[in-house]
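Chemist: quick one: sequence plus predicted model below, questions after.
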Amino acid sequence: MSEPKRFLGEPVPAPRLAGQTILVNLLLAVFGLFFVLPMLWLVLASVDAAASQQFKLPELTLQQFALALEPDKIQALVNSLIVSLIATVVATVPSTIAAYSFSRHRIPGKQGILLGIVFLSGVPISILIIPIYQLFEWADLLSLMPTGVFLGATAIPFEIYVIKNAIDAIPVDLEEAARIEQAGMVRILLRVVGPLCLPGIMAAAIYGFINTWGNFLPPLVLVSDTAQQPSPVEIYSFMTNNVINYGAIAAYSLIYTLPIILLYVAASRLFRGGFALGGAVK
Amino acid sequence: MSDANVFLGRRLPSRGFEAASLVFMSPAGLLLFALFLAPVGYSFYLGLTNLQLIGPNSVNFHFTGLFNVQAMLRDREFYHSLWVTLLFVVGSGAIGSTAGGLALAMLIQKGHRVLGGVVGGAAMLACTLPPVTVAVMWKATTIADGIFPFLLGMPKVEVLYTYPMTVVSVANVWWLCGLSMLMFSAALRNISNEMIEAAIMERATSIQRFFRIILPSLRPTIVTSALLMCLLSFGNFTLVFLMTGGGPANATNILPLYSYMQGFTFHRLAFGAMLGNVIVLMSALLGLSFVLISSYSARRQSTLTKLGSSDE
């Protein structure tokens, strides 16, 4: 009588066992430790005056950050910024116009070309190192800027893919409306398509930047002047010292990593906001 | 599909199409050709020469036919490197990262909301980190006195150098898992609740539900994730190079590393290029299967939805 009545068709709740719940959460916690411990070490070591590979409570200090911000280390960060910005521009501008063409024009063999592009975006860059080295050596281009152009070119396939998807999401009706209003091609691109797919373009640009910022082998091989080396190579030389100062490496790695995390957050916001276009045609 | 294209083509003005698309494509096309496609072709040529990094053969190198191919096939380290690459790419990439991502996604779905959010966030954070940073963290936490040897009950053991392949594989899984988790979380959300509830009403155990309903529904995601993780592991030169440098005793000498070593440490650029060509072929095979399988499953999906809608 007091038992609550169950309506027909209402799902029976899954038999939840206390033991199972505990086990699930315990496993989850183990996974969590696995992911958090290395990161926690990095943060703790960066503020520890007696930092080592050990995991311990730090003797709080900022001296590791002072070591990590010596002039040559800052120069490496600036070099990273230069090479990444060059690559971002070199990748994003051509990718945007090519993506527009892919999205809107009738191109013979389009599906095949697009498949090829998707495929290229998965090819590991390390295979290009020897031929590009030989090419740059021959043309006397073994320095930072050409490396940026090269890394930009390697980001193009994925960027075309991302931007094309963003443009595909814009209704053609908007462009037609603009065309009926006698707007020219350039005007349509800059005033109608551009602003609408800006989130997609920005996300692709962020990819281009992050891709270059994280790349280690290309600058190591393709930049002959050590004063032009970007941060990843600086961290590598930190790690190959005879006496490794883990505190300074940790502090420098944190400074080097933080912009990337922020850019990822920005990119994920863009993606979430990018698909709210549907209302424009109603 | 083709109907839609014709439709679009009719609505847009057709004048100057060809010329316009050529102009639009050319900057990206030229860059890709000059710095991506042509170098791959050039690398195939270089692999068949006697090019050296320094010395007389660095300038005056010439075609030597299949000499490097024969040298490679006689090279025992090449076979060892191939094996290690397979272990790394398939073991930690295809299997490790995919299984880890699936386990994580399911635990987060079932576990406490806050704990799941924190763990999922940490996994996502891990896969945003640059490879150099990951290498620093994993080297410091797995050498003697690091936190992982301590947790494993052998604080004085150089775990990184005692089990090098295992450690770089685990580090690779740590880095890639978050991405795979993201794919599986989305796929798990798409499994219809009615199906699960029906199974519960039929008193199916959770193990039966996993193997009969969840795993079959996730099959496309598992394949996509496995192939993507393979490709990403293949590109993960930096992690292994910084953690072990291919050692100790070549234990982690994956093919990209071996190619770099031959080219820039032993100055045999042509032989390095030859090894690079093997990587090109392997990743082409992987990429091709990726493209084929994804387009196949997309076609199957669309047929299924068409069938479904015609039923209604």
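Modeler: The structure has been received and is ready for your questions.
Chemist: tell me the helix or strand right after the lowest-mean-pLDDT helix or strand in chain A.
Modeler: Least confident helix or strand, chain A: helix A:185-188 with a mean of 80, by mean pLDDT, DSSP states H and E. On the C-terminal side of helix A:185-188, the nearest following helix or strand under DSSP states H and E is helix A:194-196.
Chemist: does that following helix come close to chain B?
Modeler: No: shown here: helix A:194-196 not in contact with chain B (Cβ under 8 Å from any Cβ of the partner chain), separated by at least 14.0 Å. Any C-beta I mention is one placed from the backbone N, CA and C, and that applies to glycine too.
Chemist: next structured bit after that helix?
Modeler: Using DSSP H and E, the helix or strand that follows helix A:194-196 towards the C-terminus is helix A:198-214.
Chemist: now for the least confident helix or strand of chain A, which elements pack on it?
Modeler: Where contact means 3 or more Cβ pairs under 8 Å, 6 or more residues apart in numbering or on different chains; DSSP states H and E, helix A:185-188 is packed against helix A:172-180.
Chemist: in the helix it packs on, what counts as buried?
Modeler: The neighbour-count check on helix A:172-180 (16 or more other Cβ atoms under 10 Å in any protein chain shown) flags A:Val172, A:Leu174, A:Glu175, A:Ala178, A:Arg179 as buried.
Chemist: does chain B sit close to it?
Modeler: Yes: contact of helix A:172-180 with chain B (Cβ under 8 Å from any Cβ) involves A:Val172, A:Glu176, A:Arg179.
Chemist: now do stretch A:98-114
Modeler: Yes: shown here: stretch A:98-114 in contact with chain B (Cβ under 8 Å from any Cβ) through A:Ala98, A:Tyr100, A:Ser101, A:Arg104, A:His105, A:Arg106, A:Ile107.
Chemist: ok, which pair from those is furthest apart?
Modeler: Among the residues of stretch A:98-114 next to chain B, the pair separated by the greatest distance (Cβ to Cβ) is A:Ala98 and A:Arg106, at 15.0 Å.
Chemist: show me where chain A has its helices.
Modeler: In chain A, the helices defined using DSSP state H lie at A:18-46, A:63-68, A:71-104, A:110-120, A:129-138, A:144-168, A:172-180, A:185-188, A:194-196, A:198-214, A:217-222, A:231-239, A:246-274.
Chemist: before we move on, the earlier item: need the CA coordinates for the least confident helix or strand of chain A. CSV is fine.
Modeler: Only the C-alpha atoms of helix A:185-188 are listed here, as CSV (Å, rounded to 0.1, in the frame of the first residue of the first chain):
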residue,chain,number,x,y,z
MET,A,185,32.7,39.8,-54.8
VAL,A,186,35.3,41.4,-52.5
ARG,A,187,32.7,43.3,-50.6
ILE,A,188,30.7,40.1,-50.0
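Chemist: next one: it to chain centre, how far?
Modeler: Remark: helix A:185-188 is offset 30 Å from the chain centroid, using Cα atoms, centre = their mean, to the nearest Å.
Chemist: burial of residue 216, as a residue count?
Modeler: Going with chain A. Using other Cβ atoms under 10 Å in any protein chain shown, A:Phe216 has 23 neighbouring residues.
Chemist: look at chain B instead
Modeler: 9.
Chemist: does it count as helix, strand or coil?
Modeler: The three-state label for B:Pro216, taken from DSSP: H, G, I helix; E, B strand; the rest coil, comes out as helix.
Chemist: return the residues in contact with it.
Modeler: By Cβ atoms under 8 Å, 6 or more residues apart in numbering or on different chains, the contact set of B:Pro216 is empty.
Chemist: tell me the spacing between it and A:Lys73.
Modeler: According to Cβ to Cβ, to the nearest Å, B:Pro216 stands 53 Å off from A:Lys73.
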